[in-house]
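Undergrad: when you get a sec, could you give me coordinates for this:
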Amino acid sequence: MIRLGVIAALAWAGMAAANAPDQSLRPQMRTLFDATLSTRGDYRAESEMTVMSAQAVAFSARPHERPDVILALGRRAQEERRRGAICGDMDIQGDVIGDVPGNGACGVENAVRVRAVAGLRLSTPATLDCRTASALKTWVERGVLPAVGNEGGGATSLRVMAHYACRTRNNQPGARLSEHSFGHAIDVGGIGLADGSEISVLNGWGTHADGRQLRDMHAAACGPFGTVLGPDADRHHRDHFHFDTARYRSGSYCR
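TA: I've put the predicted structure just below:
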């Protein structure tokens, strides 16, 4: 009985020894080198040593350098944007046309002709002042692009229904001059998409397909613009959004 117990103990000890961790794999305490001895070779070797994991790849993949032709095209596109930039903003593209005279009180000071804002082309270049052009860009960035998302491949254009024109509000005889008369307003009837379709104010407002997006766009304009009018305002705006940069003491007027 004793002999069997001894044999079992020896067997267990042998198995434990066989399964014991290899002490050579344990981290070894390294000698701490004194920075004042930096002229010694062993210190320099220690300070410059790079420790790599055994699992690390010897060489990581490096991106290829862009061909010169691609770099040249990029520089050319950037330069074209700079040349077309107006109102001190590369995301507003167009031409500076200066003061635009008009009949009576009409006219635009320091007018610009806007062709595109925030990457969206205007169906008709719009004559505006820079304050209104900047508000239009803000609306596109905060309202149009988030509301449209990737639908139809994304937004590509704005359908402009009116911009500068010397006329009364809603073309009504005897009414006050519209903000359009001073280059402070723009009317947008729809958002063109990359696939050729359009989110139309006339056909989409109040519908299940586009109604929510159009209402989000309408709400996003309230703030950048002083006046925001849509189909719920009156019959004159059933087919477009009217935006202008008139300022009121009570804040933006949005309907």
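
Undergrad: quick one, strands of the stretch 51-200 of the chain?
TA: With DSSP state E, counting those that start in this stretch, the ranges of strands along the stretch 51-200 of the chain come out as 85-86, 89-101, 107-117, 120-128, 155-162, 185-193, 198-200.

Undergrad: quick one: pLDDT of Pro173?
TA: Looking at Pro173, its pLDDT is 88.

Undergrad: what residues does it make contact with?
TA: For Pro173, the contact set (Cβ atoms under 8 Å, 6 or more residues apart in numbering) is empty. For every residue, glycine as well, the C-beta is placed using N, CA and C.

Undergrad: mind checking how far it is from His240?
TA: To His240, Pro173 is 21 Å away according to Cβ to Cβ, to the nearest Å.

Undergrad: quick one: the helices in the stretch 101-250 of the chain, in order.
TA: Ranges of helices within the stretch 101-250 of the chain are 130-139, 145-148, 201-204, 211-221, based on DSSP state H, counting those that start in this stretch.

Undergrad: list the buried residues in the last one.
TA: Of all the residues in helix 211-221, those buried under the rule 16 or more other Cβ atoms under 10 Å are Gln213, Leu214, Arg215, Met217, His218, Ala220, Ala221.

Undergrad: over to the second one?
TA: For helix 145-148, burial by neighbour count (16+ other Cβ under 10 Å) applies to Leu145, Ala147, Val148.

Undergrad: just the first one next, same as before
TA: Of the residues in helix 130-139, those buried under the neighbour-count criterion (16+ other Cβ under 10 Å) are Cys130, Thr132, Ala133, Ser134, Ala135, Leu136, Lys137, Thr138, Trp139.

Undergrad: now do the third one
TA: Residues of helix 201-204 classed as buried under the neighbour-count rule (16+ other Cβ under 10 Å) are Val201, Gly204.

Undergrad: now do it: which elements does it pack against?
TA: If you count contacts as 3 or more Cβ pairs under 8 Å, 6 or more residues apart in numbering; DSSP states H and E, helix 201-204 packs onto strand 185-193, helix 211-221.

Undergrad: the shortest one pairs with which strands?
TA: So that's strand 185-193. strand 155-162 (antiparallel), strand 198-200 (antiparallel), strand 241-244 (antiparallel) (DSSP bridges).

Undergrad: check those strands for me and report the most buried one.
TA: strand 241-244 (a mean of 25; mean count of other Cβ atoms under 10 Å).

Undergrad: low-scoring stretches of the stretch 1-150 of the chain, by residue?
TA: 1-62, 72-74, 76-77, 80-81 (pLDDT under 70).

Undergrad: CA atoms only: put stretch 169-184 into CSV for me.
TA: Written as CSV, here are the backbone C-alpha positions of stretch 169-184 (Å, rounded to 0.1, in the frame of the first residue of the first chain):
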residue,chain,number,x,y,z
ARG,A,169,-44.7,91.1,-52.8
ASN,A,170,-46.3,88.3,-54.7
ASN,A,171,-46.6,90.7,-57.7
GLN,A,172,-49.6,92.3,-56.1
PRO,A,173,-50.4,95.8,-57.2
GLY,A,174,-49.9,98.4,-54.5
ALA,A,175,-48.0,96.0,-52.2
ARG,A,176,-44.7,96.7,-50.7
LEU,A,177,-41.5,95.9,-52.6
SER,A,178,-40.4,92.3,-52.2
GLU,A,179,-37.0,91.4,-50.8
HIS,A,180,-36.4,90.1,-54.2
SER,A,181,-36.1,93.7,-55.3
PHE,A,182,-32.9,94.1,-53.2
GLY,A,183,-31.2,90.7,-53.9
HIS,A,184,-32.1,89.5,-50.5
